[in-house]
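> no letters, just coordinates:
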């Protein structure tokens, strides 16, 4: 078959492997991108961006200070907006994502939050008059807005936010105030330096009564001078693990007055007399969260795709040790340990990209359901996605590190791109719902469903829970040299079922002891997180299986079936204790799965480079010397290193100030006591 | 009991918890340090260093460029050497470690490799004449040496190093040369900018014959001007994941001539006529490796200790959500998930510190054995320690990340110290033997022992393998509400035994198919790594148990027994499938272990802060706003952030160049197409 990523002059080891592809990389690339038109649009955008010198980094980002990074992104952003109309449609979210991604990469840019939070939030919560004032300016990039919810002292527990918005009936204004240090807004992207407007979440006080948290538009900086306005203390929160080019910021408000009509009033309202009206229901915000989670799954799936692209390509050219022929060094990709480190990461990246599409699809279905007044499935889906978010982001983080370590010492250099990738994606474990909290939220939903079964209401279970009451076989039917996809899935079902029933028992005992639900969940939390993981993993497996099984027969389906089987086998073997305890599977059946893993690793070896090629990541996106498409690693590693700030002079200016002096002193004081 | 880390004015949440300590922190601190005198010496050194303004960082390291970091360390090193004689004995390795650690922290300093590799290598491999010339200068800090083995293209497979040292019989010189780009020396610490001398590993060619890799002293830079000498291209390899203040370097040699006597000749020799003589045996290098691994275990144990100190202290002061009382926010330490994330890390940190001492002890015993001509145990121990190195460094890396994520968003900020800690310790997974290679080396040894059993030579097993043939119970004796330490250990024994016998079967089948040992190990590598992990983990558990059990009864032993039991229970539950498959343990027994974990987490909650206090880390060592001893996190977080380079001006100078212009343009071109 054909690998269309081969070019003349490439590292011959890579070309040799690419020629062995058992499938057509274009077909896989289309499958992973979602459609041919998407793939082509993305490539068009990348090509366009590549052609504009103003959109290039001034030098490799590893060698920039944070001020230089900020300037670099500001410059690129200005030109990006200038050129946008030539290549993308500003109202097409996906095109804008491709465009921004190709220019700024994952590490943020001056309008990240403006595009990702400020505009969507206005869309959802501003009334018509407010839209006319604020959304128009925002969409026209006359202002740069961000969204400030998290405070220094409170993130997850929103009800405890301390920032206040107190209504001044006389002047028809809200007074925004930061009453304590812990109330300081902390973390919002672009808040530190770039944004001049901010949606601020604050406790709403009217006539001495608190109406909970609502959102207020606050201007932070002068629109001309960009200086902070009176009463506003704003700045950057300092360097982080990653995202150095984003000015995540802090902000303190010293009784800042804003018009009453700066409160976002599409749903809640406060009138001239201070009467507060609440929206009837707030199901819409749920669906937004669903959307954000679909985006995150796709995003981190791409992140893992990047990491494993680098790991696999480099492993194909890195030589180390001999196996059969004592005179021939083999590539490290020949080692089973290397395959076992990398190929399950390929499988997970593919699975998560499929999952992202699945969830986006469900989101659109749900929107229709909501319009038809049907909200029954939403809560189940929402809780499931809490678990999915936690499981996927955590496994992506672990997977990126496995890919990095598989590259040995060079993986530790920023030249590899890995430190940058890890920093940019590991934070997904924490943002948009800390993972442990997410797992417990998912578990809460599972307990509700388990309770339905316990109370004879199994017929009320939504389809994602049906497996809890649909026992098929008492004993796995795995035998012989091939294992069916359904046989793996059944293992995962039995596994989840036992974990969930055990967990429900533990949880119910706590309830019986008189604990409230929160305390009971906490008391049984270790089991609860396991329930959430098993349930979630089953869902991901089914979703992935569905995407592959529905393909027409052919070489694309063949390679995807291998990837899918490796994914499933790896999942089953990662925590088989429940299925063993259930007597569902025995030692010899587990050995058969292990054998299948070994065979699949061998079978995928010659396809591995072509599979990662099909993630269709440009060298610019990878930002990695090790992962270059052409495989010319070593000479470029040396070139890269020569840009180190320490290499500007042969001798560091500071040398003679200290160590040079030390040497002189030491020579003249031979054997002086140290 | 007494927590002696309490001070007036501390965060009251911390003080309250500290007052609940069930033991005396001084006793635990002494246990962890190894002895009272060590603890006191370390504190004395820290106090001394703290008192010298020249040994302080110029500003928080997160805000320094790499050039500033280099200068900062050079300055501190100069003063450190100036003051050393006032407080430490330069010949006492441990005192020097405490001293350097307190001044430079883990991220390297200008003489890291000089002290850690160059001097020890001269000690081990220089003959008397060479010692007189080089070691004297080195010990007197008149020169700064490093050790260059790794090349760009080869790290693990030393036999394939490409740098050559060709003997010129006529001039009595060796010619050091870098024949290819991949032969460029790459990674050695301090090579880029600081070192002026280097021990270079090179293939030794004499009269057209290669004698393998040997070590040569090469002067890199002029001793006065510090400029690189002719033929030498040297520089920094650029930024990494961590260790930014170390100038890990590259070096190319263009036929650089050195005297024949610059070859290190204590063991190998090349005489004036070019006759090469090899040492009789090279067992000594093994023992050096053992020593280095003991050092690494201790080092990363401390790293995990730092991380969990930060995590636990911060969790005690961070408030989030309500449990029983809907009006009272609780500290996150109250959550089972938080305890389950953090307390096993406490247990592992304690276990690894005990293990480090155990291995150091074994190293000294081994040295005596070697002197008595007894080398039988050395290989077994060496192979075991390969596994120990891999297991411990990997779990420390995972553990540090768990601690970081347990701190939510703030853990992601460099203010937490975590990004710095992770960068400094995760590389231990890669250096001094890549972990996968280490596991396979360990497995190779295990297979030898399994083969002894298979061939009826069980009596030849060394004591660490005796458990393979000493079956005690067919079924675990665990029952009721308490579980004995031996009962946990037996689980780990049965677990390792099954894994090893299964692995041996798989390995043997490969051998029977005609594979050589290397290929057979590779073919069964997935099982092999599991064998190595189980065997190693059993050893660590036994070593930890021994350290605790031999203590006299009392409150110290009581708390350590809880930590030990949590350690063991967590290990058993992490991969119980083998003991279930063996029928050794059943569902109800596993539930008993889970129950014990829950109880232990509760029991350790009030002691957790006092336990981490006893790691006796100074605020300077932790380098963390979140982990401050006094618990005053939030105000200091704000202070820290204000030092961000982006906060030097309210408006970034680059703003008006780009985004300011953009705003102006947009306002005047309302609704212009984007």
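All right, it came through fine. Note that the structure is predicted; figures quoted are calculated from it, not measured. Numbering: from 1, shown residues only, chains lettered A, B, ... in the order given.
> any idea which element residue A:497 lies in?
helix A:485-512 (DSSP states H and E).
> would you confirm that residue A:256 contacts residue A:175?
Yes. Contact criterion CB atoms under 8 Å: residue A:256 and residue A:175 qualify, at 7.0 Å. (C-beta placed from N, C-alpha, C; glycine too.)
> neighbour-wise, which of those two wins?
Comparing residue A:256 with residue A:175 by other CB atoms under 10 Å in any protein chain shown, the one with more neighbours is residue A:256, at 23 against 19.
> picking up where we left off before, and the helix holding residue A:497, what does it pack onto?
In terms of contacts (3 or more CB pairs under 8 Å, 6 or more residues apart in numbering or on different chains; DSSP states H and E), helix A:485-512 is packed against helix A:435-454, helix A:517-523, helix A:525-549, helix A:555-574, helix A:577-581.
> using CSV, lay out those together with mean pLDDT.
Formatted as CSV, these follow (pLDDT from 0 to 100):
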stretch, mean pLDDT
helix A:435-454, 96
helix A:517-523, 93
helix A:525-549, 98
helix A:555-574, 98
helix A:577-581, 96
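> tell me the residues of the stretch 301-450 of chain A that contact chain B?
A:319-324, A:329, A:334-338, A:340-341, A:397, A:401, A:405, A:408-409, A:411-415, A:418-419, A:422-423, A:426-427, A:429-431, A:434-436, A:439-440 (CB under 8 Å from any CB of the partner chain).
> repeat for the stretch 1-150 of chain A
A:62-63, A:65-67, A:70-71, A:74-75, A:77-78, A:81, A:84-85, A:90, A:110, A:136, A:140-144, A:150.
> how many neighbours does the nearest residue in space to residue A:189 that is not next to it in sequence have?
Counting by CB to CB, 6 or more residues apart in numbering or on different chains, residue A:113 is the residue found nearest to residue A:189 once chain neighbours are left out, at 4.3 Å. Residue A:113 has 28 neighbours, counted by other CB under 10 Å.
> quick one: contacts for residue A:113?
Residues near residue A:113 by CB atoms under 8 Å, 6 or more residues apart in numbering or on different chains: A:145-147, A:188-191, A:195.
> what subset of the residues you listed is buried?
Buried by 16 or more other CB atoms under 10 Å in any protein chain shown: A:145-147, A:188-191, A:195, out of these.
> re earlier: quick one: mean pLDDT for the helix holding residue A:497?
The average of the pLDDT scores along helix A:485-512 is 97.
> do the same with stretch A:210-222
97.
> now find how far off-centre that stretch is within its chain.
28 Å (CA atoms, centre = their mean, to the nearest Å).
> residues near residue A:157, how many?
Residue A:157 has 14 nearby residues by other CB under 10 Å.
> residue A:668 too?
9.
> for stretch A:586-603, give me every contacting residue.
Contacts of stretch A:586-603 (CB under 8 Å, 6+ apart): A:336, A:339-340, A:343, A:476, A:478-483, A:488, A:562, A:565-566, A:569-570, A:572-573, A:576, A:580, B:523, B:526-527, B:577, B:581.
> now do the strands in chain A.
Along chain A, the stretches classed as strands by DSSP state E are A:145-148, A:164-168, A:173-177, A:185-186, A:197-206, A:209-219, A:232-236, A:249-253, A:256-259, A:269-270, A:276-277, A:319-322, A:329-331.
> the domain parsing of chain A - what is it?
Per automatic domain parsing, the structural domains of chain A span A:1-32, A:143-278, A:283-433, A:435-458+A:481-549+A:558-606.
> most tightly packed of these?
domain A:283-433 (a mean of 22; mean count of other CB atoms under 10 Å in any protein chain shown).
> so where is the stretch 201-350 of chain A shaky, pLDDT-wise?
For the stretch 201-350 of chain A, applying pLDDT under 70 flags the ranges A:280-286.
> ok, now with 80
A:279-290 (pLDDT under 80).
> how far does stretch A:54-70 stretch from start to finish?
15 Å (CA to CA, to the nearest Å).
> which residues sit against that stretch?
A:49, A:72, A:75-76, A:79-80, A:83, A:103, A:107, A:110, A:193, A:239, A:244-245, A:247, A:414-415, A:420, A:623, A:640, A:643-645, B:65, B:238-239, B:644-646, B:652, B:654.
> closest residue of the stretch 251-400 of chain A to chain B?
residue A:336 (3.9 Å; CB to the nearest CB).
> my guess is that residue contacts residue B:527. True?
No. Counting by CB under 8 Å, residue A:336 does not reach residue B:527; the two are 9.7 Å apart.
> count of residues packed around residue A:50?
For residue A:50, using other CB under 10 Å, the count is 14.
> and what of the one 4 residues further on?
Other residues near residue A:54 number 11, with proximity taken as other CB under 10 Å.
> could you check how far it is from residue A:76?
In this structure, residue A:54 and residue A:76 are 7 Å apart, going by CB to CB, to the nearest Å.
> please apply the same query to residue A:224.
On the measure of CB to CB, residue A:224 and residue A:76 end up 23 Å apart.
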